[in-house]
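Asker: below is the structure, and that's it, no one-letter string:
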């Protein structure tokens with residue numbers, strides 16, 4: 001899926017179009033993008049949506065800018081208006097979800113008009129269909145179609161790829177597994193109203209309307225190799241119950257808000273980057289519940305409770321009982337804030353998060369990647385990351401090798417974008433860990449699968465090899 005860059009068949013007069021900016025997340029995206037104009041004063045950009053008055057009002061609120069954006073009127077249900085929007089654009093950032101309902105026409109227009117596309121989509125059942133329909137033609141035209149460019153899934157995907165690349169660079173090993181823990185910080189997040197916006201609740205409720213949503217319950221739903229997808233289905237089921245994880249010395253619950261998307265995206269990255277990951281690579285993740293609780297003794301019950309809720313949600317999706325789905329959807333809609341509303345300003349800035357990834361190589365060497373994110377993960381950090389990912393594509397700041405098609409954040413922007421992600425408040429650091437003793441099992445096809453026999457009690461020990469933005473890592477990627 002990589003090949004040399006080629007010149008576009010038609011000149012582009014706009015570097016970036018941001019579509020769907022009038023919602024809660026859209027306004028946060030514009031806030032960060034306006035700040036970034038100091039670093040990219042020559043950016044040729046536009047804001048787009050259905051309502052000209054709302055777009056003009058946003059433009060007025062932005063004040064004096066180094067370069068004022070164009071306003072483009074487009075409707076995600078009108079293919080011709082979308083084609084007119086993207087025909088002169090190099091890159092489009094789509095913020096108008098739910099994507100499985102509203103995204104395909106814009107993707108089709110982008111592919112036809114040779115325009116890169118990014119969104120915040122987490123609907124893996126829909127992304128699977130997009131891969132089947134558009135991956136080949138996007139690849140042939142050197143177009144990048146990149147879903148999941150927010151908190152889900154960019155930092156998880158990038159951290160796993162960075163750790164795997166470091167294993168290859170330092171030890172000449174491919175990665176056989178990654179174990180991931182995420183931890184949220186911030187008192188304001190203890191209030192459920194500050195956890196998600198009305199748009200996110202609407203997207204979760206919309207899952208229940210999707211005809212093929214059960215595909216999202218398959219960890220390999222984004223993998224193109226059927227044998228690999230079957231292997232993941234058998235060996236990497238979603239762990240939706242609370243558990244104690246020795247690697248982190250912590251009790252973990254399923255990741256919120258949706259535990260089905262990160263594994264699928266990381267597995268697609270692993271399939272694309274087989275020089276860094278084995279064919280038997282396995283991913284698992286969990287969320288620390290300690291920050292949300294006043295007493296440690298409550299961690300296990302809380303993890304079990306979260307796991308029970310997600311297990312029930314999984315069963316609703318699997319069984320596809322319309323009456324139950326309708327009742328659950330109405331309950332979500334009743335509890336949620338209205339679309340356009342979201343977490344308080346305090347929680348946007350006071351919150352933070354940390355993602356810890358432990359990657360194990362074929363011979364037992366291990367790399368630890370720690371991601372620290374400033375701001376509310378689902379909103380402030382997501383908006384900032386989406387802007388930086390979009391600018392990386394708009395300004396052709398790709399890493400090497402270059403991948404095209406319907407791909408992942410890690411393979412679309414790569415380590416070349418790490419400096420940009422720092423400006424989004426997201427930092428990646430890599431550490432060397434003590435080597436594991438491994439028992440080696442030979443499985444079908446001659447592939448080696450290393451199973452952990454004895455884990456050394458390293459805790460957080462290990463030497464810091466380099467920040468992920470160091471020359472060592474960047475050169476390894478290049």
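Answerer: Thanks, I have the structure now. This structure is a prediction, so every number in the text was calculated from the model and none was measured. Numbering: from 1, shown residues only.
Asker: so, low pLDDT: which residues of the stretch 101-250 of the chain?
Answerer: 187-203, 206-207 (pLDDT under 70).
Asker: now do the helices in it.
Answerer: Applying DSSP state H, counting those that start in this stretch to the stretch 101-250 of the chain gives helices spanning 104-112, 124-140, 154-171, 198-207, 226-235.
Asker: pretty sure residue 288 sits against residue 185.
Answerer: No. Using C-beta atoms under 8 Å, residue 288 makes no contact with residue 185, being 10.0 Å away. Heads up, the C-betas are built off the backbone N, CA and C, glycines and all.
Asker: give me the more crowded residue out of those two.
Answerer: residue 288 (22 against 17; other C-beta atoms under 10 Å).
Asker: so the more buried one versus residue 15, what's the distance?
Answerer: Distance of residue 288 to residue 15, given as C-beta to C-beta, to the nearest Å: 39 Å.
Asker: the strands in the stretch 1-150 of the chain, which residues?
Answerer: 14-19, 45-49, 70-73, 89-94, 116-119, 144-146 (DSSP state E, counting those that start in this stretch).
Asker: may I see these organised as CSV, with distance to residue 284 and mean neighbour count added?
Answerer: What follows is those, written out as CSV (distance: least, C-beta to C-beta, whole Å; neighbours: other C-beta atoms under 10 Å):
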stretch, distance to residue 284, mean neighbour count
strand 14-19, 35, 24
strand 45-49, 39, 25
strand 70-73, 43, 16
strand 89-94, 30, 27
strand 116-119, 26, 28
strand 144-146, 24, 25
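Asker: for residue 134, which of those is the nearest?
Answerer: strand 144-146 (6.1 Å; C-beta to C-beta).
Asker: what's in contact with that closest one?
Answerer: 107, 110-111, 116-119, 130, 134-135, 138, 389, 393, 403-409, 412-413 (C-beta atoms under 8 Å, 6 or more residues apart in numbering).
Asker: hey, what's the residue positioned nearest the centre of the chain bridged with?
Answerer: Nearest to the mean C-alpha position of the chain, by C-alpha atoms, centre = their mean, lies residue 153 at 1.5 Å. Taking DSSP bridges as the rule, residue 153 bridges to residue 149, residue 150.
Asker: ok, residue 58 - contacts?
Answerer: 21-22, 27, 30, 47.
Asker: in CSV: the residues you listed, plus distance to residue 98 and pLDDT.
Answerer: Converted to CSV, those look like this (distance: C-beta to C-beta, whole Å; pLDDT from 0 to 100):
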residue, distance to residue 98, pLDDT
21, 17, 95
22, 16, 91
27, 19, 93
30, 21, 96
47, 21, 97
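Asker: out of those residues, who's nearest residue 426?
Answerer: residue 30 (18.9 Å).
Asker: if you skip the residues just before and after it, what's nearest to that closest one?
Answerer: residue 21 (5.6 Å; C-beta to C-beta, 6 or more residues apart in numbering).
Asker: what's the distance between that neighbour and residue 58?
Answerer: From residue 21 across to residue 58, the span is 6 Å (C-beta to C-beta).
Asker: any common contacting residues for those two?
Answerer: Common neighbours of residue 21 and residue 58 (C-beta under 8 Å, 6+ apart) are 27, 30, 47.
Asker: the first one and residue 147: what is the separation?
Answerer: By that I understand residue 27. Distance from residue 27 to residue 147, by C-beta to C-beta: 21 Å.
Asker: repeat that for the last one.
Answerer: Computed with C-beta to C-beta, the distance linking residue 47 and residue 147 is 21 Å.
Asker: got it, and residue 46?
Answerer: 21 Å.
Asker: cool, and residue 124?
Answerer: In terms of C-beta to C-beta, residue 124 sits 9 Å off from residue 147.
Asker: so these two - more neighbours on which side?
Answerer: Comparing residue 124 with residue 147 by other C-beta under 10 Å, the one with more neighbours is residue 147, at 31 against 27.
Asker: name the nearest residue to that one, ignoring sequence neighbours.
Answerer: residue 121 (3.9 Å).
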